[in-house]
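Participant: no letters, just coordinates:
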């Protein structure tokens, strides 16, 4: 599969899924955080051994980790003026680029491409019909030339037309065998170990953890509950319209080829309000698409914690920020610096990126 | 306030809220359930005294209660073939007519009417402008004559235009003083004591209880968490569109005068799928508007429990079913009988209707 396709961001719709990696900036801005120290490989083995007893064991003891622990200690202390009752401990996280990788393209795109190939035998006409022809011939240039209309056709063909149960099965079968094109491991192995630990740590302190992602809600639900320990009712995402069909006593919900809700930017606080009905106190993101969610969280009358994951590790993951076409972090980085939000420097704050690095040690 | 207004059901939109009580059938169909016995007033005091230790103390020991307890015992027994794991114990309930009364009109209509009156001083022009003139003059005939357009104007004027926080405060202030027109108690006192006990009983057995109602999601959330013990994230309802406004660092979500989602009939399973992402195993409703939710629940591969509250008590509550304009129960009653769902006969199955009857004893 070729991954070099000159593409401009499609901001209007669900199709942001298709914004690909061309143009990912390989250098990232270094924030002036003097108390951050580099991850020390030599001390890693000893610390990883303590994983069972230590908080956030895959985090270096830098400002980011210290901020998190200080915050959680403060707001869970009943004697502290900033104490937050359990029912208000709502923590929301973006998914792509915040809990798992998003390069060289959102993982859901690889699903769409693989799905076209899997469905091709039932659609001989696709050999001569764009955008399917482009996908089948691995011609990403032609795919992108098909424009938004072609991409919309691709996503609706691969994400709609089935029942919800069928779609869940399809995604679950796909994730079992699909491999990331450069990392060559399953996509669900490319979750961030330090973020898994953060989710656990928050839950251990009675925070209710949610995903609030631009990704498809049913695509995520089929995959990530097991990975993150987050049940389907706490996974919020973009959606297409659906239809209830009674079907002679065997009712189904059919997925329709029409966008229902795009859960990005302003959509994130709106979805949080609709699904949860409470303003979060903890929010984690990695891009400008998460900015409004962090702003909404920051406006909580209770003390909030706003966290940006900054992709700074070209060697172990990817490095990109202000000029990336995927996961662009520009306005968000400015506001984080201005307002003192916690910016996680992946290279320096995290001992490992992925869970499989732990077992390698 | 006059409550006699000749109205036909507006089925198309959120405006079902406005379908009023004219035409409520005063007689109800008696189901052939030979093992049901009438509530025995003489034994009530003794049984109510056992409230602290008995399951469902305000339920007579009739088939409905027996069915519920047998079901819960069965599906929570790890050694039983029908055991249901905790994470799949999803219980969904309609609100109007299932958890609280809905006569002589949905309580949210009384809010809209009171809200027009409260806002009238800022709108002197309403004195001569329909549908507001009709509301201010308690002329329900004229209000209904304003048709769907007038009713839409009424609901959008009273439910949109504020921020979400302002709306919550307005509803909470209203519920403190508003009185039901004939029962002459606060609307939040007109919840069904036996259903409160059922919610508690299910939660004690690790069911997660949800409201899935045609009522406005933010109207309900402002009121019912305290009443039912159900947090906002488990309250699903109809919604209007919203907008995120950054507002110079003090972001708000503004409520817009446009319908977003109507959570009734087919909308209920769709909303359950969207918000929860799991098929329920327990569903309670009282009208044909809940039928698809019960059908969806009945199609669970795990053993399900489908319950209809049947309004049979003209003396203590209201009696209506197949021909009522509010809470019409016709197709649902047929299917309940055919498929052996549990139909609660309010008159014979419930010792008391409302919580305040307990304290009177």
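Facilitator: Yep, that arrived. Keep in mind that what you see is a predicted model, and the values were worked out from it rather than measured.
Participant: got the residues of the stretch 1-150 of chain A near chain B?
Facilitator: residue A:87 (Cβ under 8 Å from any Cβ of the partner chain). Any C-beta I mention is one placed from the backbone N, CA and C, and that applies to glycine too.
Participant: and the helices in the stretch 1-150 of chain A?
Facilitator: For the stretch 1-150 of chain A, the helices defined by DSSP state H, counting those that start in this stretch cover A:41-49, A:63-75, A:107-119, A:132-136, A:140-145, A:147-159.
Participant: now whichever residue of the stretch 101-250 of chain A sits closest to chain B. Nearest residue, chain neighbours left out?
Facilitator: Closest contact between the stretch 101-250 of chain A and chain B, by Cβ to the nearest Cβ, is at residue A:232 (3.1 Å). Spatial nearest neighbour of residue A:232, excluding adjacent residues (Cβ to Cβ, 6 or more residues apart in numbering or on different chains): residue B:277 at 3.1 Å.
Participant: ok, that neighbour touching residue A:222?
Facilitator: No - look at residue B:277 against residue A:222 with Cβ atoms under 8 Å: they stay out of range, at 9.5 Å.
Participant: what about the residue of the stretch 101-250 of chain A closest to chain B, neighbour count?
Facilitator: By other Cβ atoms under 10 Å in any protein chain shown, the residues close to residue A:232 number 20.
Participant: same check on residue A:86?
Facilitator: 10.
Participant: what's the answer for residue A:55, then?
Facilitator: Using other Cβ under 10 Å as the criterion, the residues surrounding residue A:55 number 16.
Participant: state the pLDDT value of residue A:280.
Facilitator: On pLDDT, residue A:280 comes in at 98.
Participant: and what of residue A:152?
Facilitator: For residue A:152, the predicted pLDDT is 82.
Participant: any idea how far the spatially most distant residue from the centre of chain A is from residue A:167?
Facilitator: For chain A, the largest distance from the centre (Cα atoms, centre = their mean) belongs to residue A:248, which lies 38.8 Å off. Distance, residue A:248 to residue A:167, using Cβ to Cβ, to the nearest Å: 21 Å.
Participant: also residue A:306?
Facilitator: For residue A:306 relative to residue A:167 (Cβ to Cβ), the value is 34 Å.
Participant: these two: which is more packed in?
Facilitator: Neighbours per residue (other Cβ under 10 Å) separate residue A:306 from residue A:167, with residue A:306 holding more: 26 against 22.
Participant: so the more buried one versus chain B, what's the distance?
Facilitator: 13 Å (Cβ to the nearest Cβ, to the nearest Å).
Participant: follow-up on the earlier one: my guess is the residue of the stretch 101-250 of chain A closest to chain B meets residue B:275, correct?
Facilitator: No - Residue A:232 is beyond contact range of residue B:275, at 9.5 Å (criterion: Cβ under 8 Å).
Participant: tell me where the stretch 251-361 of chain A has helices.
Facilitator: Taking DSSP H, counting those that start in this stretch, the helices of the stretch 251-361 of chain A run over residues A:267-275, A:291-298, A:331-339, A:346-349, A:355-360.
Participant: include distance to chain B and mean pLDDT when you put the ones you listed into JSON lines, please.
Facilitator: Listed next are the helices of the stretch 251-361 of chain A as JSON lines, based on distance: least, Cβ to the nearest Cβ, whole Å; pLDDT from 0 to 100:
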{"stretch": "helix A:267-275", "distance to chain B": "5", "mean pLDDT": "98"}
{"stretch": "helix A:291-298", "distance to chain B": "5", "mean pLDDT": "98"}
{"stretch": "helix A:331-339", "distance to chain B": "9", "mean pLDDT": "98"}
{"stretch": "helix A:346-349", "distance to chain B": "27", "mean pLDDT": "98"}
{"stretch": "helix A:355-360", "distance to chain B": "23", "mean pLDDT": "87"}
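Participant: of those helices, which is nearest residue A:179?
Facilitator: Ranking those by proximity to residue A:179 (Cβ to Cβ) places helix A:355-360 first, at 13.2 Å.
Participant: where does chain A have low pLDDT?
Facilitator: Chain A contains residues with pLDDT under 70 at A:1-53, A:360-361.
Participant: closest residue of the stretch 251-361 of chain A to chain B?
Facilitator: Closest point on the stretch 251-361 of chain A to chain B, by Cβ to the nearest Cβ, is residue A:277, at 3.1 Å.
Participant: verify the stated contact: that residue with residue B:220.
Facilitator: No - in this structure, residue A:277 is not within contact of residue B:220 by Cβ under 8 Å, at 9.6 Å.
Participant: list the contacts for residue A:168?
Facilitator: By Cβ atoms under 8 Å, 6 or more residues apart in numbering or on different chains, the contact set of residue A:168 is A:218, A:221-222.
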